[in-house]
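S.K.: Sharing a model prediction with you, sequence too.
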Amino acid sequence: MKLSITSPDAPIPVGPYSPAVRAGDLLFISGQIPLDPATGRLVEGDIQTQTRQAIENLRALLAAAGLSLQAVVRTTIYLADMDDFPAVNDAYAAFFSKPYPARSTIQAARLPRDARIEIDAIATCGG
């Protein structure tokens, strides 16, 4: 069985997909770009500001499932410019602690709404 998870504190999806889906003991969170949930617009600012917003959107969906960032076991970061990697790492490190989630970082030719970053995640719902 799978269950769609939404949150009023996370952006509304920009396409035909669930923001997050719980399947068994796992929560799969769709890629989050730095959209302000209140306005539906990309947040202004540097890559660290945008990284923080993308993670806050992840956090809102985790909270809707009764979880925190500590439950995240895997993330994928998509960057429009790999030169942003060090700044993204700095912002990311403020949200996650050891043991850190497994992670991949990929440069993408283009992201939705021309965002500079997108992050998806997998979290564990079981002990």
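M.R.: Nice, thanks for sending it over. These numbers were taken from a predicted model, which means no experiment stands behind them.
S.K.: How far does stretch 61-71 stretch from one end to the other?
M.R.: One end of stretch 61-71 sits 12 Å from the other (C-alpha to C-alpha, to the nearest Å).
S.K.: Which residues belonging to that stretch are considered buried?
M.R.: Buried residues in stretch 61-71, counted by 16 or more other C-beta atoms under 10 Å: 61-62, 64-65, 67, 69, 71. No exception for glycine: its C-beta is placed from N, CA and C like everyone else's.
S.K.: can you check stretch 20-27 too?
M.R.: For stretch 20-27, the neighbour count (16+ other C-beta under 10 Å) marks 20-22, 26-27 as buried.
S.K.: biggest separation within the buried residues of stretch 61-71, which pair?
M.R.: For the buried residues of stretch 61-71, with distances taken as C-beta to C-beta, the pair at the greatest spread is A64 and L69 (13.4 Å).
S.K.: Give me the next element, helix or strand, following the top helix by length along the chain.
M.R.: Ordering each helix of the chain by length in residues (DSSP state H) puts helix 47-64 first. Toward the C-terminal end, the helix or strand that comes next after helix 47-64 (DSSP states H and E) is strand 72-79.
S.K.: So which elements touch the helix or strand just after that following strand?
M.R.: Next in sequence after strand 72-79, counting helices and strands by DSSP H and E, comes helix 85-93. Using 3 or more C-beta pairs under 8 Å, 6 or more residues apart in numbering; DSSP states H and E as the contact criterion, the elements in contact with helix 85-93 are helix 47-64, strand 72-79.
S.K.: what angle separates helix 85-93 from strand 72-79?
M.R.: Following axes from the mean of the first three to the mean of the last three C-alpha atoms, to 10 degrees, one obtains 150 degrees for the angle between helix 85-93 and strand 72-79.
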